[in-house]
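In: Just need the structure, nothing else, for what follows:
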Amino acid sequence: MKTVHENMTSLYRALTLVVATSLLCLCHSQKIPRHGQKFFPDFSIPPAELFFDTKTLPDGHQVEPFLFHNEPKRYFFPIDDDNTPVAITVIPCVSTVEWKVYVIDVPDENSGNGPVSDNQVMQTTTGLVSVANVHSDKIPLQSFRSTSAMTFHGSDGHSGVYMLEIKVTDRDSHVRLFATTSPLTSVSPFPQLPSDNKVKVVHDKRQRTKVTWQPSPTKTVHGQPVEYCVSFNRHRNFMTQCSASTNIFGETRPTVPPNAGFGFSWEKELKAKFSKHTNLIPPAKPENAQFVCKGSKTRHVFTGLKDGQKYYFDVFVVNKLNNLTSRYSGSSLVVKNNNKRRVKKLPENTIVSGDFLKVPSKHHVYRYKLNKAIGKLTVAIQACSAVLHVKITHKDTTIKHFKVRSYKQFQLKKPKSGEYLIKIVSRGKPKGAYKLFIARNAKKIPFPTLPKDKTVKALQTTDGRGCDVTITWSLTSKRQKYCIFKRKEKSSKSLVSWIAKSSRCNSSLRKNSDKVACMNLRAKNRKSVMTYTVRKLKAATTYTVDVYVTKRDGETLPYQPITITTKRKC
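Out: Just a heads-up that it's a prediction; the model follows:
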């Protein structure tokens with residue numbers, strides 16, 4: 001059995017169909033229904049369904065049709081009595097909206113006190129259903145084109161049918177429509193803005209962006225419930241709450257209200273067109289835009305905004321009784337973090353040491369100023385214990401981005417004059433130290449020269465007197481000092497811990513008991529290797545063997561360490 005609501009819905013559909021038909025074909029004995037005569041009987045039918053079926057704007061309810069690009073649509077708002085105030089508001093979402101308001105006169109005789117003539121019937125019918133005739137016979141009361149909410153006011157309007165002709169000019173888009181015959185009541189249907197409706201934005205030393213605004217009189221004076229929503233983005237100020245939420249959260253596919261329609265072919269075509277609509281605005285990335293509703297609070301703090309980037313901030317107040325919104329005057333701000341203390345000057349021909357352990361930070365930044373263009377610029381960086389991520393920029397352009405696991409030296413060819421920023425990041429664990437050097441003359445680099453092959457190889461032998469291990473490594477053509485160190489590992493965990501905590505930047509930090517030997521060597525040819533036997537090792541023991549190379553009066557660099565385990569018996 002049908003429920004009471006289903007019966008009421010069926011009755012409403014029948015009556016609506018009769019009303020729609022009567023507007024298209026009037027006879028001498030018919031009357032044009034008005035608001036005062038309950039144009040739509042109250043069957044608790046949602047305004048969205050009424051609007052979809054009749055194209056008539058409900059008095060005092062906001063509706064949200066979906067319009068296709070450059071396809072004009074017409075909506076109607078009938079008025080019963082002369083001198084009735086009228087307000088029609090159009091709220092764009094993601095497209096510029098063009099719209100016009102016409103009024104179609106309805107003769108007094110058509111109010112039910114007498115028959116209407118064929119000429120009057122034809123005039124009324126033509127006014128409602130023929131855009132061409134409206135354009136030729138009627139002049140719009142007012143025309144609009146905007147991306148922000150605009151309102152048509154008719155304070156001394158006369159009875160008749162107001163027609164709204166509307167189209168979106170940029171792309172397919174939702175729009176919000178609101179019409180009322182009570183715009184002059186003591187409390188505006190739209191939330192009221194304070195006298196100072198400017199959004200205040202401040203970025204503090206803690207890299208937090210504080211947004212504040214004054215409360216709405218709708219709440220403070222009239223006691224109606226409101227909610228504030230605040231947004232930021234990197235492109236522009238949003239003129240409407242609909243535009244902000246759509247561009248930030250993404251666009252939803254258009255749908256037909258549930259239980260709407262009579263099964264006409266045009267309704268089926270519209271549903272099919274909606275289902276095929278795929279040109280939807282995707283959600284914005286959180287780092288580029290955010291939209292947050294704060295209830296009755298009048299402040300919000302955003303964090304993580306990028307230094308040097310311009311952001312736009314908007315605040316919207318929503319009347320929770322009718323879901324209508326008003327926009328505060330938006331603001332913009334270029335985020336400027338206090339980086340002067342954190343950006344250090346990088347002197348030329350001087351080693352700069354940094355440590356992420358002593359001074360916890362996500363990154364270190366150095367500034368080097370080149371007064372004039374030169375042939376080449378040499379940069380050297382040594383990672384003491386952790387992998388480093390290094391980025392070099394010039395005038396906001398990244399010219400080099402790389403990782404440093406132990407040591408890296410390179411040249412910038414034909415560098416232009418200006419400031420260079422070198423950003424060093426130590427991600428994950430462990431956090432370690434580093435050394436940085438920059439010079440115009442490569443000969444002044446204090447670091448030793450390493451061969452292409454930086455590995456240390458081991459050959460294990462047993463001579464009956466103990467456990468001996470012979471190691472080999474490649475040399476370079478420059479005479480440099482080489483030192484060998486060994487360390488006994490208690491377990492694999494202690495080995496990992498040692499590698500993580502050890503400093504590859506300075507062999508002097510090693511214990512004297514770990515030192516095996518030091519010698520000054522240079523290669524006789526390109527294939528020269530050094531061979532050395534480490535003696536008196538214990539059986540069944542794991543050792544880490546390191547080879548360090550030091551430039552005369554300069555710095556030390558390590559070869560890749562090698563781990564060896566002696567035999568059980570030797």
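
In: Tell me, how many residues neighbour Tyr543?
Out: Neighbours of Tyr543 under the rule other Cβ atoms under 10 Å: 21. The C-beta positions use only the backbone N, C-alpha and C, and glycine is treated the same way.

In: Work out which residue lies at the spatial centre of this structure.
Out: With distances taken as Cα atoms, centre = their mean, Asn288 lies nearest the centre of the chain, 2.4 Å away.

In: these two touch, right, that one and Asn233?
Out: Yes - between Asn288 and Asn233 there is a contact under Cβ atoms under 8 Å: 6.5 Å.

In: Centre of the chain to stretch 330-349, how far?
Out: 22 Å (Cα atoms, centre = their mean, to the nearest Å).

In: What residues of it count as buried?
Out: Residues of stretch 330-349 classed as buried: 330-331, 333, 335, 346 (neighbour count, 16 or more other Cβ atoms under 10 Å).

In: now, which of those residues sits nearest Val390?
Out: Closest approach to Val390 among the buried residues of stretch 330-349 (Cβ to Cβ): Leu346, at 12.6 Å.

In: And the closest one, how far from Lys414?
Out: Computed as Cβ to Cβ, to the nearest Å, the Leu346 to Lys414 distance reads 20 Å.

In: cool, and Arg342?
Out: From Arg342 over to Lys414 the distance is 30 Å, taken as Cβ to Cβ.

In: Against Pro558, how distant is the closest residue to Phe68 other than its chain neighbours?
Out: Once flanking residues are discounted, Phe68 sits nearest to Asp172: 5.2 Å by Cβ to Cβ, 6 or more residues apart in numbering. Here the criterion is Cβ to Cβ. By it, Asp172 lies 63 Å from Pro558.

In: quick one, which of the two is more surrounded?
Out: Set Asp172 next to Pro558 and count neighbours by other Cβ under 10 Å: Pro558 wins out with 24 against 18.

In: for that one, what are its contacts?
Out: Counting by Cβ atoms under 8 Å, 6 or more residues apart in numbering, Pro558 makes contact with 406, 504, 507, 546-549.

In: Can I get these in TSV including neighbour count and distance to Leu421?
Out: Formatted as TSV, those follow (neighbours: other Cβ atoms under 10 Å; distance: Cβ to Cβ, whole Å):
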residue	neighbour count	distance to Leu421
Ser406	18	24
Arg504	24	26
Ser507	21	32
Asp546	21	34
Val547	24	35
Tyr548	21	32
Val549	25	31
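
In: among the residues you listed, which two are most distant?
Out: Ser406 and Ser507 (13.9 Å).

In: residues contacting the nearest residue to Asn322 once chain neighbours are set aside?
Out: Distances taken as Cβ to Cβ, 6+ apart place Pro189 nearest to Asn322, at 6.0 Å, with adjacent residues excluded. Residues in contact with Pro189 (Cβ under 8 Å, 6+ apart) are 60, 178, 180, 182-183, 319, 322, 324.

In: coming back round to it: out of the buried residues of stretch 330-349, list just those in strands.
Out: 331, 333 (DSSP state E).

In: out of the buried residues of stretch 330-349, which one sits closest to His69?
Out: Of all the buried residues of stretch 330-349, Gly330 has the smallest distance to His69: 26.7 Å, by Cβ to Cβ.

In: Tell me the spacing between that closest one and His235.
Out: Gly330 sits 12 Å away from His235, going by Cβ to Cβ.

In: Report the set of residues contacting both of these two.
Out: Common neighbours of Gly330 and His235, counting by Cβ under 8 Å, 6+ apart, are Tyr312.

In: sorry, back to before: next, format the contacts of Pro189 as TSV and append secondary structure.
Out: Formatted as TSV, the contacts of Pro189 follow (DSSP: H, G, I helix; E, B strand; the rest coil):
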residue	secondary structure
Gly60	coil
Phe178	strand
Thr180	strand
Ser182	coil
Pro183	coil
Asn319	strand
Asn322	coil
Leu324	strand
